[in-house]
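**Q** Below: sequence and its predicted model.
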Amino acid sequence: MQMMIKPEKTNITIGFSPLTDCAPFVVAKNLGYFAQWGLDVTLQKQNSWATLRDKLHAGILDAAQMLAPMPIASTLGLGVAPMHVIAPMILSQNGNGITLSESLVEEILAVNQISELVFPLDAKLLKNVIEKRKQHGSDKLCFASVFPFSCHHYQLQDWLLSGNITFEDVNIIVVPPSNMVDSMLSGDIDGFCVGGPWNAKAVRGGSGVTVITSYDIWQDYPEKVLGFLSSFATSHPKTVLAICAALKQACTWLDSTPNRFETAVIMSREGILGEPLEVIAPSLLGSCLTKKGLSPRHVPSYNQFSTTLGGLDINRPDIKHGFWLLEKIKNCQQISADVETDGVIESIFRSDIYAQLALLIDKKG
Amino acid sequence: MASRKNEKQLSSGTKDLRILLIDENTHRADLVTAALGDSRYAISHLASPSGTLLKQVDQLQPDIIVIDIESPSRDILESLNTIKNINPKPVVMFSSEQDTDTINQSIESGVSAYVVGDLEPHRVKPILDAAVARFREYQKLKTELSETKQQLSSRKNIDHAKRILMKNRNISEEQAFQTMRKTAMDTGQKLDDVAKTIISMFNTL
């Protein structure tokens, strides 16, 4: 392979969140893709999305794995001083799941007088529980997502809405992914929407039942994206391309199931997620653990990083998806009416940068 | 300078400011608590917050939250502003990162959160003093801004209502104003409220 570009900056720090869908970063580093593009990359694990964002804004991180709505929130200044962040590449989709506590599932079975669960679970069954609880004057159920501006938050809302449950009917809080299972065990929350490996962890431990995945809720919408400060991308265009190219190679490599298993092995061996293989591997292999004692569900597109189907390229940013996410932000009343959004999505989801990348990788062969 | 002044003003020894310290490092938290033993700060320490943090904030109503910038719980605090209708709490984040200034510039320029250096026990008090001063200054500006906005909007309402009266009753501006003022005094309402009533009545007619 021949080097086609010379990055302006070669020492690069990338922030990521220790979740199953950080796989492209792990692969690009371990298989030497970053090095092939002339980059010396340090992957810096971040414990919270807010701090990852602040470090990217401050230029302490050169690039970051971000929740797809985050670049929009950054650029519009939602919850933070506005900073123009671009997403020239989509990294993954269909990686989240909603898990309910074992006791809530028992309640669902009892209230609806059913003996078997059908996955994905119809939220109307949960609605009946909420109605019953209202009649009895019981506490509202409490659900957690991972960040205010996250697909998890909007997917949770959409699943609840599919059963005519509004955010008024339940309490919604934010809990860090690594604390989800403990928070459910302690009874602080009754369910959560989170990425891997935390759904599988809850099922393996017998504390939760994964009732639906984000593939079932929103099929094929971007969940994690690669974020850069717009100013960085302007002054380091070749660096941005090199980082994207290495990650694109990693995403493509992750298309094969055997490769995915190897990735799960690397992630568990290196302790990146702090969890064992039996918890990391399933979602990467298209398996959604449902409930202890029950068979897993086959969800072929669980944790998707790329696709070879029908010439569709899921890594290419699409402004239609950007508008969809903006709509979700609006629906959740996370944005005041006077915030100007014209032209913002087009300036974030930069398929023009991604298009250059396609040419580069072709040339590189 | 600023911190010394604060100290002087508030040397009564009463614990009048509640601090919620979120730090997984219990040893450091103990040192910090000890360092503040004889100050106006009452410290509550939370080592592993997760799901309980919101409850704690709700119960304790801290004046300031102090948190390690590397704590996973930062995302919970972040949600206080957007998800729950809890009053935003001033947040002081400590960081071992060399370049805290650059982070500060990028956060809402020291508005409801800002970053200080490492949490060394002997530095804690001046840090908190500065934070209190800073948040109070911000709060003052915010109140002033909202009062100014309120005054502007009230002036607009009164003008609008005057014009309605002048047109509908064919009276002078002075007469319209006196009518409104009399109504306000007779009914014990603010002039702005009377104006709003006139506007809404006119709109429904």
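**A** Thanks, I have the structure now.

**Q** before we move on, what SS does the residue of the stretch 51-200 of chain A found nearest chain B have?
**A** The minimum distance from the stretch 51-200 of chain A to chain B, using Cβ to the nearest Cβ, falls at residue A:188 (2.9 Å). For the C-beta atoms, the positions are set from N, CA and C on the backbone; glycine is no exception. Assigned by DSSP: H, G, I helix; E, B strand; the rest coil, the conformation of residue A:188 is coil.

**Q** What values do phi and psi take at it?
**A** phi -70, psi -30 (degrees, to the nearest 10).

**Q** so what's it scoring on pLDDT?
**A** Residue A:188 is assigned a predicted lDDT (pLDDT) of 90.

**Q** Number of residues surrounding it?
**A** Neighbour count of residue A:188, defined by other Cβ atoms under 10 Å in any protein chain shown: 19.

**Q** Verify the stated contact: it with residue A:142.
**A** Yes. The pair residue A:188 and residue A:142 qualifies as a contact (Cβ atoms under 8 Å) at a distance of 7.0 Å.

**Q** Show me the helices in the stretch 101-250 of chain A, by range?
**A** Here the stretch 101-250 of chain A has its helices, by DSSP state H, counting those that start in this stretch, at A:102-112, A:123-135, A:151-161, A:180-185, A:198-204, A:214-217, A:230-235, A:237-253.

**Q** Just say which of these is most tucked in.
**A** Using mean count of other Cβ atoms under 10 Å in any protein chain shown, the stretch among the helices of the stretch 101-250 of chain A with the largest mean neighbour count is helix A:198-204, at a mean of 26.

**Q** What pLDDT does the model give residue 136?
**A** Because you didn't say which chain, this covers chain A. Each residue has a pLDDT score; the one for residue A:136 is 94.

**Q** actually it's chain B I care about, not the one you picked
**A** Residue B:136 carries a pLDDT value of 80.

**Q** for the helix or strand where it lies, packing partners?
**A** When elements are defined using DSSP states H and E, residue B:136 is found to belong to helix B:121-169. With contacts taken as 3 or more Cβ pairs under 8 Å, 6 or more residues apart in numbering or on different chains; DSSP states H and E, helix B:121-169 sits against helix B:2-9, strand B:17-22, helix B:26-35, strand B:64-68, strand B:91-94, strand B:113-116, helix B:173-187, helix B:191-204.

**Q** go with 7 Å
**A** Here helix B:121-169 is seen to pack against helix B:2-9, helix B:26-35, strand B:64-68, helix B:173-187, helix B:191-204 when contacts are counted using 3 or more Cβ pairs under 7 Å, 6 or more residues apart in numbering or on different chains; DSSP states H and E.

**Q** Taking strand B:17-22 as reference, get the angle to it.
**A** Using axes from the mean of the first three to the mean of the last three Cα atoms, to 10 degrees, the direction of helix B:121-169 lies 110 degrees away from that of strand B:17-22.

**Q** Let me know the angle separating helix B:121-169 from helix B:173-187.
**A** On the basis of the same axes, to 10 degrees, helix B:121-169 is oriented at 120 degrees to helix B:173-187.

**Q** Between helix B:191-204 and helix B:121-169, find me the angle.
**A** Going by the same axes, to 10 degrees, helix B:121-169 makes 50 degrees with helix B:191-204.

**Q** which regions of chain B sit below the pLDDT cut-off?
**A** Across chain B, the stretches falling below the confidence threshold (pLDDT under 70) are B:1-13, B:49-51, B:81-88, B:97-102, B:104-112, B:204-205.

**Q** Of all residues in it, which one is nearest the centre?
**A** Among the residues of chain B, residue B:139 comes closest to the average C-alpha position under Cα atoms, centre = their mean, at 4.9 Å.

**Q** what does chain A put close to chain B?
**A** Near chain B, the residues belonging to chain A are A:47-51, A:54-55, A:57-60, A:79-81, A:83, A:146-148, A:172-176, A:178-179, A:182-183, A:186, A:188-189, A:334 when assessed by Cβ under 7 Å from any Cβ of the partner chain.
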